[in-house]
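**Q** Structure for the following, please:
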Amino acid sequence: MKKVFGIILAAVTSLLICASPALVYADDKGACDNWSGGKDDPNYELICGNGKNNEAEAQNRVGNILNIVFTWIAIIAVIVIIIGGVLYMTSQGDPGKIQRAKGAILYAVIGLVIVLLAFAIVNFVLSNIK
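**A** Residues are numbered from 1 along each chain as shown. Below you'll find the model as predicted:
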């Protein structure tokens, strides 16, 4: 069970590390005010944004990244449920293996419920911030 938890933790951590550059956006007004290049410079949009509301853009990015993370966690939980089912079917009546399989299924279902609740809460909060 510790190995499965470790794999899930490693997968979530790698997803967050890969997604973290997408959270960075231009919101420093001082850098935009002191920009020496013109608006035609290709780096202007990186420094000053593209003229849209950066706050709404950041909320959309955070929402999209969290939705991707929640989706991957839910997929991993379903895979753990399937692995638990296979372990249960192949336990051949061994009480230790049956208990391990039931634990894997139980914890995966609890994790899936928590992920679904977190998904609902995050989407509710992000939709009501605007």
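**Q** What is the host helix or strand of V80 packed up against?
**A** Here V80 sits within helix 54-89, counting by DSSP states H and E. Under the contact criterion of 3 or more C-beta pairs under 8 Å, 6 or more residues apart in numbering; DSSP states H and E, helix 54-89 touches helix 2-19, helix 95-129. Where you see a C-beta, it was placed from the backbone N, CA and C, and this is true even at glycine.
**Q** Compare the mean pLDDT across these and name the weakest.
**A** Of all the helices and strands packed on helix 54-89, helix 2-19 carries the lowest average pLDDT, namely a mean of 61.
**Q** and A101, what does it touch?
**A** Residues near A101 by C-beta atoms under 8 Å, 6 or more residues apart in numbering: 84-85, 87-88, 91.
**Q** quick one: which of the residues you listed is most hemmed in?
**A** Each of the contacts of A101 was scored for neighbours by other C-beta atoms under 10 Å, and G84 scores highest at 22 neighbours.
**Q** show me what contacts the closest residue in space to F70 that isn't next to it in sequence?
**A** Computed as C-beta to C-beta, 6 or more residues apart in numbering, the closest residue to F70 that is not its neighbour in sequence is F119, at 4.5 Å. Contact analysis of F119 by C-beta under 8 Å, 6+ apart lists 66-67, 70.
**Q** For the helix holding V80, list every residue counted as buried.
**A** Neighbour-count burial for helix 54-89, counted by 16 or more other C-beta atoms under 10 Å, picks out 59, 63, 65-66, 69-70, 72-73, 76-77, 80-81, 84, 87-88.
**Q** From I73, how far off is K102?
**A** According to C-beta to C-beta, to the nearest Å, K102 and I73 sit 21 Å apart.
**Q** again with A58
**A** Note on A58: its distance to I73, by C-beta to C-beta, is 22 Å.
**Q** what does F124 give?
**A** Between F124 and I73 the distance is 18 Å, computed by C-beta to C-beta.
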